[in-house]
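The sequence and its predicted three-dimensional model are supplied below.
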Amino acid sequence: MINQQTRPIEILLVEDNPTDVSIAKEALADTKVSKHLHVVSDGAEALLFVRKQAQHAHAPSPDLILLDLNLPIKNGFDVLRELKGDDKLKLIPVVVLSSSKREEDIVRAYDSGANCYITKPVDFEESCELFPVIERFWSMIVTLPPRNR
C-alpha cells in the first residue's frame, strides 16, 4: 500500500563530496515526490540545521536525514549519537550513506541509532538510481513521525 504524504518531504543531505551532492540533486530532481532537499557539508552544520541554530534559525525540520559518515568537523557517528540522544530529534529517520563496507562501521552506525545503512555505489548509473528508491521508500511507503512533536 502506498502512503501518500500530504506535504512535501523535507530531506537533509549531509555530504561533503560535491560530486555525490550533484548526483543526489540530479537524481532527485526528476522524481514525482514533492520534496525540498537541503544540503550541508559537515556534521557540525548538520546539527545546527536540525537544532535551528545560527544561519539555520529558520530551517525546516527534516523528515529524513541522509548522512555520510566521513565528514569534516564532526563525523557521521558523532552526529548520529547526538541526534539519537536528543529527545526532540531522535525520531528523525537517518539513512547512512557510506562508501565503507566494513562490518565494524555498519555495526557502529546501527549501534549509534541509524535507521538504515546503504553502501554508496561506485557506479554513476547505480548512484543515480539509488536516490529515487530511497526517496520513494521514505516518502511513500513509510509513515514518518510528525514534525515538531
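Done, it's in. Treat the numbers as computed from the prediction; the structure is a model and nothing was measured.

Please enumerate the strands of the protein.
Assignment of strands within the chain using DSSP state E yields the ranges 9-14, 35-40, 64-67, 94-98, 116-119.

out of those strands, deepest packed?
Comparing those by mean neighbour count (mean count of other CB atoms under 10 Å), strand 64-67 comes out on top with a mean of 26. Yep, even glycine has a C-beta here, placed from its N, CA and C like the rest.

quick check, distance from stretch 75-90 to the centre of its chain.
Here stretch 75-90 is found 12 Å from its chain centre; the criterion is CA atoms, centre = their mean, to the nearest Å.

do the same with stretch 95-114
The answer for stretch 95-114 is 13 Å, by CA atoms, centre = their mean.

before we move on, back to that, want to throw the strands of the chain into TSV with mean pLDDT and distance to Thr143?
TSV is the format used below for those (pLDDT from 0 to 100; distance: least, CB to CB, whole Å):
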stretch	mean pLDDT	distance to Thr143
strand 9-14	94	12
strand 35-40	93	16
strand 64-67	96	13
strand 94-98	96	16
strand 116-119	95	15
